[in-house]
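J.: Okay, here's the prediction I keep looking at, along with the sequence it came from:
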Amino acid sequence: MKPEKINLPNTIDGWKLEGAPRLIDKTNIFDYMNGAGELYLSYHFDHLSVYEYKNKSGNDIVVELYNMKDSQDAFGLLSLDWGGEPVRLDQPEEEKHREAVIPQDRAFYGKGLLRVWSDNLYVRIMAFKDVPGVREAILRLGKIITAGRSHPPPPEMLLAVKHPTDFPWTLRKDRTAYFRSYLVLNSLFYLSHENILNLDLFTEAVIVTYEKEQESREKQSARLLVIKYPDYGKAVTALDSFFKAYLPDQNSKLVPDKDRESQDFFHIEDGWTGFRLSGRGLALVFECPDKKSAREIIQQALLNTL
Amino acid sequence: MKNKKVTVTRRDFIRGSVGATLGFTILGPEWLKGVAGKSSRSSVVIVRDKNAMDTALNVDKNVLENMLEQTLTHVTGKSNRDEAWHELVSPQDIIGLVPTPLMNPTHDELIDAVKASLISAGIPAENIRNAQGRSVDLEPITALISLPGLKAHWLTGIGTVIKNYILYSGAPRNYHHQNSTKLGEIWNLPQVKGKTKLILVDALHPVCDKGPQVDPRYRWAYNGLIAGTDPVAVDAVCLKIIRAKREELRGEPWPLSPPPICVEAADKVYKLGNSDLNNIDIETIGWAEDLLV
């Protein structure tokens, strides 16, 4: 394990780099961040380099470079929170994602924390106090880190969700997330403390949130979860596991047939839920107000592209 | 029935049947017995001062010392700091302070203020030690003062009071996910049970999103201390504050995810205290703006 070839400056706007980076891998990530390490291990994590800058007033800046094995995992980490002020570092001016279900930006700043997706790097640069001048220093560091790096597109998995303009539901781009783990799913939308969908490092999942305005009532929201399993057999096994854990009171009508798509809908405590299985792709909807909405939303999943 | 595989899901929380489901899985029917058996009330004190931190988040030690004294006297009902400490501990006690080490760590200023306050009250300095960490020898310690930072947690929903002793288990990873329900059992380990004399939550600068690492956008200057002798009641009040802040920040429902089931389990299974806010008297002192309770 070696630090990446990024030359961080020894000083920046009054902050001084303190020594060599600390290198963290799978063997010591829990020493560095305790249970937070579970998040990074739930993506394809390679190693983390931690640099510290100090200034005279003791307001440290910590630069964390999470080296993921590929770009989509670094993207996934950013996708867990699209909040903050979008900032442009080394991103091409005219970049337009094919994937319309996410915001266009790759870097966000807020109150002393910069989060960046840059190829296979997920970058966190944080000052402990958001004092005057710190934003500029952090953004400069962000530009130095991302300079000259490539800009792969977001995961193709995101193309498995349609985004038509005439759809009666509004897709919340800032709620779209890409992940592989049930721990991450639970932090976004709790289903069960157990891994009832058999998610792991060999699966890919995207969750999107739809909203609909309602007269004199709270906005209605519904979720679409799309999962790509390594093969059809694993998708069927996962759906069976989901039925047993989540819908034990429903009579599963699933008759696995690799050549035919299957789907069904159920009315449960928080509205209509349903599944659609096609090949190795599985789509699930939750919290839909009626069966019609559940059908409409689950059809937004392009399972044949997986 | 007890051996039947039942999985806790979102549906259990919506139905309000999570206790029953867990009761028949990892925890046994104690959960259900606990529901029927409780009646006593608990008290939690919240002391706030708008000037506890300046705009650069520097802690004013004098203000904090005053807040600590007010907290101690209101928790114990005594008239001054020294009497309050003597109500909680004795000069013969070996006292372990248990701050939060990671993600929104307890302010050093608070740890220092507690130490200084104990010493001023006649507790020998050599009897006060840090008791956080898995390598701490708890055997000689006779009194624990828990000093967690107020925070949400990405694996357990909340990571404040009940979770603050997780390293005493020797295997913290065993208390995440579904097993976070069992965090309360750590408080009943022989080397821990009955030793906690005060829970004093550092709520100066809490974090209301789960992390897993601190994001300053979800921190705010609450400028408070939250204290009591019932760990579950203190955690329940902390939970209320975190939940209220989350909804305020987003302006829309933003439930903690995963749900913080460790608090209710600490009450109903491990009998550590009250999790029901209806059974908790909350006394608030000082700055009243945005109390969130």
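T.: Yes, it's here.

J.: Quickly list what A:Ile207 is bridged to.
T.: Counting by DSSP bridges, A:Ile207 is bridged to A:Ala177, A:Leu225.

J.: Just the buried residues of stretch B:231-251, please?
T.: When neighbours are counted by 16 or more other C-beta atoms under 10 Å in any protein chain shown, the buried residues of stretch B:231-251 are found to be B:231-243, B:245-246. Every residue, glycine included, has its C-beta placed from N, CA and C.

J.: out of those residues, who's nearest chain A?
T.: For chain A, the nearest member of the buried residues of stretch B:231-251 is B:Arg246. The distance, counting by C-beta to the nearest C-beta, is 12.6 Å.

J.: residues in contact with that closest one?
T.: B:Arg246 makes contact with B:Ala152, B:Cys208, B:Asp209, B:Trp254, B:Pro255, B:Leu256 under the criterion C-beta atoms under 8 Å, 6 or more residues apart in numbering or on different chains.

J.: follow-up on the earlier one: which of the buried residues of stretch B:231-251 fall in strands?
T.: Judged by DSSP state E, the buried residues of stretch B:231-251 include no members of strands.

J.: Make sure A:Asn120 is actually in contact with A:Ser71.
T.: Yes. With contact defined as C-beta atoms under 8 Å, A:Asn120 and A:Ser71 form a contacting pair (5.1 Å).

J.: which SS state does the closest residue to chain A within the stretch 51-200 of chain B fall under?
T.: When C-beta to the nearest C-beta is the measure, the stretch 51-200 of chain B has its nearest residue to chain A at B:Gln178, with 3.5 Å between them. Each residue gets one of three states, and B:Gln178 gets helix by DSSP: H, G, I helix; E, B strand; the rest coil.

J.: residues in chain A within reach of chain B, list them.
T.: A:30, A:33-39, A:81, A:83-84, A:110-113, A:124, A:126, A:129-131, A:183, A:186-194, A:196, A:218-219, A:244-246, A:268-270 (C-beta under 8 Å from any C-beta of the partner chain).

J.: Repeat the analysis, applying 7 Å as the threshold.
T.: Of all the residues in chain A, those in contact range of chain B (C-beta under 7 Å from any C-beta of the partner chain) are A:33-36, A:38-39, A:83-84, A:110-113, A:129-131, A:183, A:186-194, A:196, A:245-246, A:268-270.

J.: Which of those fall in helices?
T.: Mapping the residues of chain A next to chain B onto helices (DSSP state H) picks out A:Met33, A:Glu38, A:Leu39, A:Leu183, A:Asn186, A:Ser187, A:Leu188, A:Ala245, A:Tyr246.

J.: Output those residues as TSV; include the columns neighbour count, distance to B:Asp202 and pLDDT.
T.: TSV is the format used below for these (neighbours: other C-beta atoms under 10 Å in any protein chain shown; distance: C-beta to C-beta, whole Å; pLDDT from 0 to 100):
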residue	neighbour count	distance to B:Asp202	pLDDT
A:Met33	20	20	83
A:Glu38	20	25	89
A:Leu39	25	24	93
A:Leu183	22	27	93
A:Asn186	22	27	94
A:Ser187	24	24	93
A:Leu188	20	28	94
A:Ala245	20	38	94
A:Tyr246	23	39	95
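
J.: Now flag whichever of those is closest to B:Ala125.
T.: A:Met33 (32.6 Å; C-beta to C-beta).

J.: Is it possible to get the contacts of B:Arg246 out as JSON lines so that each row also shows pLDDT?
T.: Putting these into JSON lines (pLDDT from 0 to 100) gives the following:
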{"residue": "B:Ala152", "pLDDT": "94"}
{"residue": "B:Cys208", "pLDDT": "96"}
{"residue": "B:Asp209", "pLDDT": "90"}
{"residue": "B:Trp254", "pLDDT": "91"}
{"residue": "B:Pro255", "pLDDT": "92"}
{"residue": "B:Leu256", "pLDDT": "93"}
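
J.: Helices along the stretch 101-250 of chain A, start to end?
T.: If you assign secondary structure with DSSP state H, counting those that start in this stretch, the helices in the stretch 101-250 of chain A sit at A:134-146, A:182-188, A:232-246.

J.: In the chain, where is pLDDT below threshold?
T.: With no chain named, the answer covers chain A. Scanning chain A with the threshold set as pLDDT under 70 gives A:1-4, A:91-99, A:216, A:252-255.

J.: actually it's chain B I care about, not the one you picked
T.: In the prediction, chain B carries residues with pLDDT under 70 at positions B:1-5, B:19-20, B:22-39.
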